[in-house]
Every structure is written in structure tokens, then in C-alpha cells.
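In: Quick check, what structure comes out for this input:
(one chain, ligands or ions: 2)
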Amino acid sequence: MLISDDPDKQFETTQDLRNACLEYGSFMVINHELPDNLIMRVYKTLAKFFDLRKEEKREYETNDPTDMIRWGRWDSNLISTEFIKMVVHPTFHCPTKLADSEILQECIKRMRELGIQLLRGISKTLGFEECYIEKRMKLESGHDFISANDYRLRLNTENQENQLGQPPHYDTGLLVLLLPVESNGLQLEHHGKWINVNPQPNSIVVIIANHIEILTNGKYKSLLHRVVLNKKVRRISLPLFLGPSLDTKVSPTLEFVDEHHPPAYLVKTYKELLETNPYQVIDGMSCMKNVRL
Ligand SMILES: O=C(O)CCC(=O)C(=O)O
Ligand SMILES: [Fe+2]
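Out: Ligands and ions are numbered 1, 2, ... in the order given. Here you go, the predicted structure:
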């Protein structure tokens, strides 16, 4: 609808998008251009990678913050997940041990195109011309990464009720797009309560991340979210973190600054902000504590 030829429909969708950004910090996209069989093949390829023996994946267990690929596991009483993160734009990086990397690359390319369309829509909801965010954040050389997550079933463990796949967190970047998943687990914070995301089949869930909050001087807030372990099925997820180029200085846009709304964030390049995280360019951790004034 955002790209519909019918101006009324386009207007209505832009209004819905504005409300979703203000009220929830998240929305679902249906009727996108990612075919089911592409999605299915991506999940197969990721599952195959996660099923490799630990020794085989350890090659990507890096402590070097400049590495572009990083594998790891969190395994405690409360949190359990395995992940493989990789920088996918401007240059696509992928472990050689991940079969069918061209399928993953194609899928990410399409997710990125969708993300850019959504950022055009978001620019409009803010009263700017369509390409405002794209140009200001230099998305042509935007720094994007993915973090494939594997939340396995954990049987016979204590504390099952409270087990999380991801602790509550905010994401870095502008937008995070989640490849459609069949199983639930993602929860969003809304007015102090956790709400379950029950995605419609094949819908892409989108989350507003840190740098939209900075750009809008807090008008659109970065969304707190977490993942609870699904007790019935193994769940694999694939978020794409769309970000500004590393050299872009992200700061509140003047239109959102006045005497009642002074700038609430420091001016830093995306790279400087990411460098405050232990794994720098390949770390989805929120940077907000280092930038709020
Ligand atoms: O697995 C999910 O649904 C969300 C993952 C997530 O929030 C993240 O990787 O930052
Ligand atoms: Fe996240």
C-alpha cells in the first residue's frame, strides 16, 4: 500500500505507519516480495549451519572486534541461544561453512530493498521528502548486519517458565526487519507490559531501532523487546539490522528541536557509537547509554 498508485490508499497507509511508529515502535509488513520458497531455503541453510558440530563453528568464535563474522552461544540457567552474526552491506560476508550462501544473499538483498521502501514511508510520516532518511543516513553505503539466532528446545531444565532466548534489549541501527517465522517467542514492551508478537503467516515484523530515535529527537522511540523460549519447537530467527553508513554523523534533525524539545542526544558517527560496544561493527547491542544527554 505504501507504494500504491492510489493517493488515498497511500495517504491512509502513511497515517497507519505514523501511528504504529508513535504508539508501538513496531509493525508488520504483508504482501512483500519475499517468496515462501526463498524464506524456507534460508531457514534450511541456517539450520544446517547451526547443526554443525561445535568444533566446526568455533572457527567463527572471535574476540577480534573488527571481524565481520561472529559465532557464539549464550547458555545459562536463564538465557539460551546460539547466533551467527555477519556484516552484509556494503560488502556481503558469510561463513564458508554456510551452504547456499547465494540464497541468503538474495534474501537479504530483498529484505534491504523492503527496508529502504519502509524508510521512505517513515520519512514521509515525519513530513520530509521520501528520500530524506536514505540521503541523510547515506544508505547507499549503509552498514547492515544480520544476526541469525537459534533457540533450541531445552528439555528437563529447571526454571523453564522464565527462560529467555534474548534478554530485554533495544537494537542498534535504524530499522530491524525480521524474516517471517512460524513460531512465536518475540515480545514487545508496550506501556510497561510484554505483549506477544503473533505474526500473520509470512509477515515481516519491523522494529524501530536506536538511530531513528536519535534522528527524530525521541519522537519515534527505539523499542524494548525480548525473546521467550518457545517450549514446543526449535525456533530460528533472522533479523536484518539496517544502519547508516559508518561515517554518518547521527544527530537529532533540526525540525524536532525547539525550546521545549532540546537536543537529547550527542552527535556521533555510527562507527563511534558502535565502537562503544565490545564487538563494534558486529554487535547489535544498544548504544543509547553512550549518547543520551
Ligand atoms: O529472535 C527474534 O525474534 C528477535 C531477535 C532479536 O531481537 C535480536 O537478535 O536482536
Ligand atoms: Fe533485537
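In: what helix or strand is the residue nearest to the spatial centre of the chain on?
Out: With distances taken as C-alpha atoms, centre = their mean, residue 176 lies nearest the centre of the chain, 2.4 Å away. Using DSSP states H and E, residue 176 sits within strand 175-178.
In: Tell me which helix or strand comes right after that strand.
Out: From strand 175-178, the next helix or strand downstream (DSSP H and E) is strand 186-190.
In: Okay, residue 183 and residue 30: tell me how far apart.
Out: Note on residue 183: its distance to residue 30, by C-beta to C-beta, to the nearest Å, is 18 Å. Yep, even glycine has a C-beta here, placed from its N, CA and C like the rest.
In: and the residue in the chain that ligand 1 sits nearest to, how many neighbours?
Out: At 3.2 Å from ligand 1, residue 237 is the closest residue in the chain, using C-beta to the nearest ligand atom. Residues contacting residue 237 under the criterion other C-beta atoms under 10 Å number 24.
In: can you check residue 287 too?
Out: Using other C-beta under 10 Å, residue 287 has 23 other residues around it.
In: Would you map the strands across the stretch 51-200 of the chain?
Out: Remark: strands assigned in the stretch 51-200 of the chain by DSSP state E, counting those that start in this stretch are 69-75, 80-89, 144-151, 164-169, 175-178, 186-190, 193-196.
In: In JSON lines: these, plus distance to ligand 1 and mean pLDDT.
Out: Listed next are the strands of the stretch 51-200 of the chain as JSON lines, based on distance: least, C-beta to the nearest ligand atom, whole Å; pLDDT from 0 to 100:
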{"stretch": "strand 69-75", "distance to ligand 1": "11", "mean pLDDT": "90"}
{"stretch": "strand 80-89", "distance to ligand 1": "7", "mean pLDDT": "94"}
{"stretch": "strand 144-151", "distance to ligand 1": "4", "mean pLDDT": "95"}
{"stretch": "strand 164-169", "distance to ligand 1": "5", "mean pLDDT": "90"}
{"stretch": "strand 175-178", "distance to ligand 1": "6", "mean pLDDT": "98"}
{"stretch": "strand 186-190", "distance to ligand 1": "4", "mean pLDDT": "96"}
{"stretch": "strand 193-196", "distance to ligand 1": "11", "mean pLDDT": "96"}
